[in-house]
Every structure is written in structure tokens, then in C-alpha cells.
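Chemist: No sequence on hand, only this structure:
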């Protein structure tokens, strides 16, 4: 299994809530649990993020290891679906 993580600005922002909806729906459509990490947090997965939004796909067995796949910048549901498929193929 894989884990998908959206790294973005604090989720109080309306834009973030909108893209979270796209990300969340795309993840659940592929039976992948979505997770949100605030770029300003101390979570190590947000450490090297310079472009928001950034989406990482991790092996569920190693959610803080090296990402299997990533996408930086604006995305569509199809972009996320493709990213999740690439991640699943690498597990």
C-alpha cells in the first residue's frame, strides 16, 4: 500500500481547502489514504518543500522515508491519479 501526502500552506486558506478536496477525492478513488502536512510544521516531510502544493507518495511501510513519487505545483485530479498509479507500481 501507499500513502499520499499533500504539503501546503495552513489549511485555513480557502485555496488550500479547494485543492484538498481535489486531492482527497482522487486519493479515495484509488483507495489511498490522503494526509495533509502544513508546510510551516515541524514534520520532516515538509522540510525541503519550496513549491506549494507538493504531493509526495510514500510506501505505507516507510511514511517518512524517501518518496516513491512526487508532484510539485498545481494539479488536477488526473495528475494525482497518475501519481498514485506510479507510486503503486513502485511498491
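Modeler: On my side now, so go ahead. All values derive from a computational prediction rather than experimental measurement.
Chemist: ok, longest helix in this protein?
Modeler: Longest helix in the chain, counting residues (DSSP state H): helix 14-29.
Chemist: Can you give me the pLDDT of the nearest residue to residue 60 once chain neighbours are set aside?
Modeler: Leaving aside its chain neighbours, residue 60 sits nearest to residue 1 (4.1 Å; criterion: CB to CB, 6 or more residues apart in numbering). Every C-beta, even on glycine, is put in place using the N, C-alpha and C of the backbone. With respect to pLDDT, residue 1 has a value of 93.
Chemist: and residue 1, what is it in contact with?
Modeler: 32, 60, 91 (CB atoms under 8 Å, 6 or more residues apart in numbering).
Chemist: what's the following helix or strand after the longest helix of the chain?
Modeler: Sequence order places strand 33-38 as the next helix or strand after helix 14-29, per DSSP states H and E.
Chemist: what comes into contact with whichever helix or strand comes after that following strand?
Modeler: Using DSSP H and E, the helix or strand that follows strand 33-38 towards the C-terminus is strand 54-59. Here strand 54-59 makes contact (CB under 8 Å, 6+ apart) with 2-8, 23, 45, 64-65, 67-73, 75, 80, 83-84, 86-87, 90-91.
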